[in-house]
Structures are given as C-alpha cells and as structure tokens.
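A.B. asks: how does the following fold in three dimensions:
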Amino acid sequence: MVSSTAAYAGAAAVPPTCDVNFWDVLRARAWEEANREITQNQNLIAKPDSVLSYICFDNYMDHLARYSENGGPEDPDGTGGIFYDLYVLIRQIPGLLDPALTDGLDMNSVLEILILDSLEDGVSVLSIADAGGPEAAICGRDHYIDANFDHTMLGGRSGLSGALSDSISDSNYTCNRMRQVWDAAKCYNFQTRSHDAFFIFDQYRATEAADNDYRQLPVECTDLDTDFADVACNFIIHGFPSLPIPPGWPWGGGVPTEWATAFPAANPAPGAAGGADSSLSFWNLLDPAACGALVPVRTGLIVNRPGVGTYTDAVCPAPGCWYQQGGSVAAAGTCNP
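C.D. replies: Residues are numbered from 1 along each chain as shown. The predicted structure is shown next:
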C-alpha cells in the first residue's frame with residue numbers, strides 16, 4: 001500500500017506540462033476572436049429604435065391636447081369656433097412675454113414644457129442664467145431622443161426619420177410608422193455597407209492604429225476628448241482630473257491600444273516565446289547548380305555491370321541530381337544536375 005505522502009511526492013516530481021508562453025498566445029488569440037465576433041454582431045444587428053418613435057408619441061400628445069381642450073368651458077360642444085380661437089389666443093399672450101412658456105398657457109404649451117421639452121430639442125429656450133445653463137451652452141441640453149436616437153430608423157440603416165415634433169397641436173392620433181419600418185426591414189439586404197464584411201485580425205489592428213473602428217452604426221457613445229469643446233464639456237461635468245494627470249490627457253495619446261497589444265501577442269514570430277519552432281529548410285538543394293557540391297550517399301552495395309565495370313552504388317540526396325558512378329569501387333563518384 002502506498003501512503004498518501006509518498007503518492008504526493010511522486011506527483012510533485014512530475015514536470016509541468018503547461019507552456020506558459022503558449023498559454024499567453026492562446027489567451028491573446030481568444031481575445032481577438034471574441035472581439036471580432038462582438039464587432040461583427042454590433043455591425044449586423046442594428047441598434048433598437050425608440051419605442052416613442054415607433055408609436056408616434058408626439059401624435060399622442062397632439063391627441064391629448066385636443067381631447068383636453070374639447071368639451072371644456074371655452075368649447076363646450078367641442079367644435080371650436082371664433083370664441084374658442086380667441087380664448088386660445090389670449091392664453092398664448094404669456095408666451096410672448098416669457099419664451100420659456102413657448103406658446104403660452106394653453107394645453108399644447110403645457111404638454112410641450114412638461115413632456116416634449118425633455119425629449120426633443122427646439123421646444124424651449126434655456127437661458128445661460130438658468131440652472132444648468134452654462135453646462136447646456138457647451139454640452140447641449142441632452143434631450144432623450146436627440147441624445148440616444150439621433151439617427152434614422154432601423155439603427156441608422158433606413159431613410160425613415162425617428163424624430164419627434166418640437167411642438168404640439170390639436171389633432172387626432174394617426175401613425176403608420178411601424179408599418180413603414182416593417183416594409184423597410186423586410187426589403188433590406190443583410191450586408192450593404194463596407195464595414196459589414198468579415199475582416200482578418202491584422203485589418204482590425206491597422207484600423208485601430210488609424211484611430212478608426214469597423215463599428216460605424218450609431219451607438220450614441222459620447223467622445224469627450226476629440227476637440228476643445230468636448231474637453232470643456234468634460235471639465236464642466238467631471239471637473240479637473242486628480243493628480244497625477246492621466247497619460248495623454250485630455251486627448252488620450254500615448255496609451256497602448258487593445259489590438260496593437262493583442263495582435264503581436266497572438267502571432268509571435270517563429271522561434272520567439274510562445275511561437276512555433278524555427279523550421280529548417282533545404283531550399284538551396286533544389287538549385288541544380290548545387291548538385292556538384294553534394295557528397296553522394298553510399299547505399300552499401302557494390303554493382304558489377306557488364307561493359308561498365310565494378311563500382312560502389314550511391315544516391316544523391318537532392319531532387320534533380322543524379323549519381324554518376326566512379327571508375328572503381330574506391331572512387332566516390334559525383335552528383336550531377
């Protein structure tokens with residue numbers, strides 16, 4: 001019976017079978033494979049559109065405004081008319097005095113200020129003296145639709161606009177946008193843009209080195225280090241970075257990129273750490289001019305041929321070279337092209 005201590009000692013004596021360098025190569029290659037798949041998926045699977053755009057949410061607001069106004073004291077029969085128009089005109093006078101009220105105090109303006117102004121730009125004017133005014137002047141208002149869906153429908157792959165109106169009017173609800181999107185989607189070809197193709201790893205590395213990315217469809221990521229306005233916006237929102245200053249701040253230069261690090265790690269040169277063993281080639285022996293420098297390899301046979309004589313048999317190891325026997329058993333013979 002072998003004790004557990006003896007068994008452990010025997011196991012510990014077994015040399016390691018994992019090549020750490022080769023493991024690093026596999027890990028870098030796995031990173032390349034995963035990131036290429038992620039990039040391809042993000043290219044071919046379009047970014048979801050806004051549900052508010054699909055259902056024509058601005059038309060819902062138009063219908064709500066009309067429903068709220070009709071049947072009220074100013075329009076009891078819901079038919080409008082000169083008195084109703086005069087009533088609306090009087091309520092719109094405050095809008096001429098305070099631009100923040102847009103059109104005034106009617107239901108249209110109330111819905112614009114309470115709801116629509118957070119979705120689309122151009123509804124109201126924010127003074128630089130208002131709360132958040134300085135930040136909005138540099139960074140923008142960050143309206144929901146503009147900030148997250150500032151592209152056409154189907155994630156930017158169609159010509160259908162998904163923008164909402166910047167004003168509300170009294171009207172009935174009508175919307176056929178989902179039918180339009182469906183018509184565009186079912187007739188759309190799967191691969192239509194140059195960045196949809198399948199690329200090799202070196203192309204990803206070269207594209208990143210040129211400060212580009214194969215993902216060209218809208219993702220609504222804010223880049224805060226491309227120009228002076230973005231740097232100013234970054235400073236207003238996040239403040240000055242703590243010391244020490246990050247390398248390359250605020251333009252982000254000098255930091256190694258992901259593909260520039262992974263590609264050479266996944267493709268080491270032959271003979272380098274983790275790479276394949278250096279191969280030995282004999283291409284020089286394929287040159288017929290090299291036949292004369294070869295030493296024939298004897299086979300161990302002595303040949304006796306009538307009319308030719310007795311000589312030692314041999315072969316030439318290079319393709320294209322043939323053995324010319326010597327004049328005797330002792331003669332080495334030669335290799336000829």
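
A.B. asks: paired strands for the biggest strand by length in the chain, with orientation please.
C.D. replies: Scanning the chain for the longest strand, with DSSP state E as the assignment, gives strand 297-305. Applying DSSP bridges, strand 297-305 is found paired with strand 309-315 (antiparallel).

A.B. asks: quick one: name whatever helix or strand follows the strand it pairs with.
C.D. replies: Using DSSP states H and E, the next helix or strand after strand 309-315 towards the C-terminus is strand 322-324.

A.B. asks: sheet partners, orientation included, of that next one?
C.D. replies: strand 334-336 (antiparallel).

A.B. asks: buried residues in the partner strand?
C.D. replies: The neighbour-count check on strand 334-336 (16 or more other C-beta atoms under 10 Å) flags 334-335 as buried. C-beta: built from backbone N, CA, C; applies to glycine.

A.B. asks: mean confidence for it?
C.D. replies: The average pLDDT for strand 334-336 rounds to 91.

A.B. asks: can you check stretch 66-77 too?
C.D. replies: 62.

A.B. asks: repeat that for stretch 299-310.
C.D. replies: Per-residue scores along stretch 299-310 average to 88.

A.B. asks: export it as PDB, just CAs?
C.D. replies: Provided in PDB are the C-alpha atoms of stretch 299-310 (Å, rounded to 0.1, in the frame of the first residue of the first chain):
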ATOM      1  CA  THR A 299      23.900   2.500 -50.200                       C
ATOM      2  CA  GLY A 300      26.400  -0.200 -49.200                       C
ATOM      3  CA  LEU A 301      26.000  -2.100 -52.500                       C
ATOM      4  CA  ILE A 302      28.800  -2.900 -55.000                       C
ATOM      5  CA  VAL A 303      27.500  -3.100 -58.500                       C
ATOM      6  CA  ASN A 304      29.100  -5.100 -61.300                       C
ATOM      7  CA  ARG A 305      27.700  -4.200 -64.700                       C
ATOM      8  CA  PRO A 306      29.000  -5.800 -67.900                       C
ATOM      9  CA  GLY A 307      30.600  -3.300 -70.100                       C
ATOM     10  CA  VAL A 308      30.600  -0.700 -67.300                       C
ATOM     11  CA  GLY A 309      32.700  -2.200 -64.600                       C
ATOM     12  CA  THR A 310      32.500  -2.600 -60.800                       C
END
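
A.B. asks: for residue 164, see how far away residue 56 is.
C.D. replies: 8 Å (C-beta to C-beta, to the nearest Å).

A.B. asks: just the helices in the protein please.
C.D. replies: Counting by DSSP state H, the chain has helices at residues 4-12, 20-44, 51-54, 57-69, 82-91, 93-97, 107-114, 133-139, 144-148, 177-186, 201-209, 228-238, 258-266.

A.B. asks: what is the mean pLDDT for the third one?
C.D. replies: Here the mean pLDDT over helix 51-54 is 92, rounded to a whole number.

A.B. asks: now it: buried residues?
C.D. replies: By 16+ other C-beta under 10 Å, the buried positions in helix 51-54 come out as 52-53.

A.B. asks: so what secondary structure elements neighbour that helix?
C.D. replies: The helices and strands touching helix 51-54, judged by 3 or more C-beta pairs under 8 Å, 6 or more residues apart in numbering; DSSP states H and E, are helix 177-186.

A.B. asks: burial count for residue 65?
C.D. replies: Neighbour count of residue 65, defined by other C-beta atoms under 10 Å: 21.

A.B. asks: and residue 56 and residue 164? Which one has more around it.
C.D. replies: residue 164 (24 against 19).

A.B. asks: so what's the more buried one closest to, chain neighbours aside?
C.D. replies: residue 58 (4.2 Å; C-beta to C-beta, 6 or more residues apart in numbering).

A.B. asks: got a list of what the one you found touches?
C.D. replies: 116, 120, 164-165, 168 (C-beta atoms under 8 Å, 6 or more residues apart in numbering).

A.B. asks: I'd like these laid out as TSV, including pLDDT.
C.D. replies: TSV is the format used below for the contacts of residue 58 (pLDDT from 0 to 100):
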residue	pLDDT
116	84
120	83
164	88
165	85
168	80
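
A.B. asks: just checking, which of those residues belong to strands?
C.D. replies: Those of the contacts of residue 58 lying in strands (DSSP E): none at all.

A.B. asks: which one (most neighbours) among those?
C.D. replies: Neighbours here mean other C-beta under 10 Å. Within those, the largest count is held by residue 168, at 28 neighbours.

A.B. asks: contacting residues around that one?
C.D. replies: 58, 61-62, 65, 108-109, 111-112, 116.
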